[in-house]
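A.B. asks: Below are the sequence and a predicted model for it; my questions follow.
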Amino acid sequence: MFGPVPGSDGYYFEYGEDTVDKAALGALFGRILAVERDTLGVAEELSARYEEIDLLYTISDILGRTIGLEEAAEVIVREVSSVVGARRASIFVYDDADRVLRPVAGWGLDVREFGPIPVKHAHSIAARVFRENTSIAGNASELDPDRESSSRQPYKGNSFLSAAITYPDPNGVSRPVGVINLTDRLGADAFSSGHRKLVAAIAHQIGAAIENARLVALDRQRQKARRDLELAHDLQLRLLPSPRLIGDPSEVSARCSPGELVGGDFYQFVPLSDSRIGVMLGDVSTHGLPAALIMALVLSAAGIHAAASQSPEEALQRLLVSVKSELTTTEMFLSLFYGIVDRKGRMLRYANAGHPHAFVLPRSGPAIRLRATVPPLGLAEADDIVGGNLKLNRDGGLLLVFSDGLADARDASGDMFTEDRVVELVRSLYDEPAEDIVDRVFADIGGFAASAVDDQTMLVLRI
């Protein structure tokens, strides 16, 4: 004989005619079936949780390794697809500069066929998910085909699930950094609320992994840029001629120390004859890489024009013609002193294009300022450039030219070193070799200033 198992929904148990308590036996079978169902349910739940835990472990492993953005995204999109049973998936990452979502990884499809999606796209599901920092699940067949252009359609298959990938900002508020799209499930072609909750729950971990990979990539770019700038620094300093070109270190010395890795200050020496020496010092109006590019252009042109010109003013006129277009385009200008010392004729001829710190220091008496004869190059026309002359004393003297970075150097209190202090320091070292004078000035300013914020350049020539 057969009787129904209570609460079993269609299960029966067999009992004999001599069974005393059929109801108790049926209740026993019911409890056994209930325990079995609970055991199977727990097993299924543990299996699902294991996959989710394994997914979190995989993402955590990515966080602990130095890994590229695309490689990290590829691993994540594959593992998430496996857990939720998606045949196809893609990850888009936000590009802040262009305000678009760019595809970086795919599973079961080639993301190279996708174009960037503007975050303001009116009909894009991915853009909407990103803007609203949410998740959306549905049936792809119900989507309006005009919502995404064919080249930007990540929803291939029937069902889809899109979720914002998030990362906490410094205030702890989650901000979207990308979107993950999952489509075309294996088996039942629908993503459940559980899948949606799972993907949303791990959005922080995915975001952390992607942000970590992105920051690593940025750091590598910065390191490369730093190495490139260090190379540029070395090359720029190598462009500057050695003072030994025109004399020994006791007679002439110069030094240029950029405020950044590269800068806009420069100096130039031009041997003209046995008794005539051309010396030049310039300061581009800004510093850093833009100034360094103009500096390299001016330095190369200056040597050519100085050697081919009969006077300092002619050299500056020719130089301005050569570089005026670049100065105008970059909206920069250039203060520049160029002097020709004739030791035999005891004469200094010079042209000063707005450079404030140029002096002749005689052995006795006050310093002689070599005042500007024309505004800085870039603010004057070539026809405006004129020169000046200074008769040199028989007892000699020092030609001293330096840039703003020395006079304007500030200590921790904000006090400047000042031009007068530079001049007096050089005067106190008058009888020292030129190289020692330059070394001492830079050492004193280095000890005075909190840090160098501008290019620092000095030239000393015993005349």
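C.D. replies: Alright, I've got the coordinates.
A.B. asks: By mean pLDDT, point me to the weakest helix or strand of this protein.
C.D. replies: Ranking every helix and strand in the chain by mean pLDDT, DSSP states H and E puts helix 22-63 at the bottom, with a mean of 59.
A.B. asks: Can you name the next helix or strand after it?
C.D. replies: Proceeding N to C from helix 22-63, the next assigned helix or strand is helix 69-84, under DSSP states H and E.
A.B. asks: Distance from the next helix or strand after that following helix to the middle of the chain?
C.D. replies: Once helix 69-84 ends, the next helix or strand along the chain (criterion: DSSP H and E) is strand 86-95. Remark: strand 86-95 is offset 26 Å from the chain centroid, using C-alpha atoms, centre = their mean, to the nearest Å.
A.B. asks: Strand 86-95: partners in the sheet, and parallel or antiparallel?
C.D. replies: Partners of strand 86-95 in the sheet, by DSSP bridges, are strand 100-107 (antiparallel), strand 174-185 (antiparallel).
A.B. asks: by how many degrees do the last one and helix 69-84 diverge?
C.D. replies: The one in question is strand 174-185. If you take axes from the mean of the first three to the mean of the last three C-alpha atoms, to 10 degrees, strand 174-185 sits at 50 degrees to helix 69-84.
A.B. asks: In strand 174-185, which residues are buried?
C.D. replies: Of the residues in strand 174-185, 176, 177, 178, 179, 180, 181, 182, 183, 184, 185 count as buried by neighbour count, 16 or more other C-beta atoms under 10 Å. (Glycine included, C-beta is placed from N, CA and C.)
A.B. asks: re the thing from before, tell me which of the strands paired with strand 86-95 lies nearest to residue 380.
C.D. replies: Smallest distance to residue 380 across those (C-beta to C-beta): 46.2 Å, for strand 100-107.
A.B. asks: and that closest one, what's its mean pLDDT?
C.D. replies: The pLDDT scores in strand 100-107 average 91.
A.B. asks: contacting residues around it?
C.D. replies: Strand 100-107 has contacts (C-beta atoms under 8 Å, 6 or more residues apart in numbering) with 69-70, 73-74, 76-78, 81, 86, 88-95, 111-112, 114, 116-119, 126-127, 130, 154, 178-179.
A.B. asks: Pull the distance from stretch 377-388 to the chain's centre.
C.D. replies: With C-alpha atoms, centre = their mean, you get 39 Å for stretch 377-388.
A.B. asks: Next, the buried residues of it.
C.D. replies: By neighbour count on 16+ other C-beta under 10 Å, the buried set for stretch 377-388 is 377, 378, 380, 382, 385, 387, 388.
A.B. asks: What's opposite the last one in the beta bridge?
C.D. replies: Each beta-bridge partner of residue 388 is listed here, defined by DSSP bridges: residue 350.
A.B. asks: wait, isn't it in contact with residue 350?
C.D. replies: Yes. The pair residue 388 and residue 350 passes the contact test of C-beta atoms under 8 Å, sitting 5.6 Å apart.
A.B. asks: nearest spatial neighbour of residue 282, skipping sequence neighbours?
C.D. replies: Spatial nearest neighbour of residue 282, chain neighbours left out: residue 336 (4.1 Å); criterion: C-beta to C-beta, 6 or more residues apart in numbering.
A.B. asks: Let's verify the one you found: helix, strand, or coil?
C.D. replies: Following DSSP: H, G, I helix; E, B strand; the rest coil, residue 336 is assigned to strand.
A.B. asks: Fine by me, we can end here.
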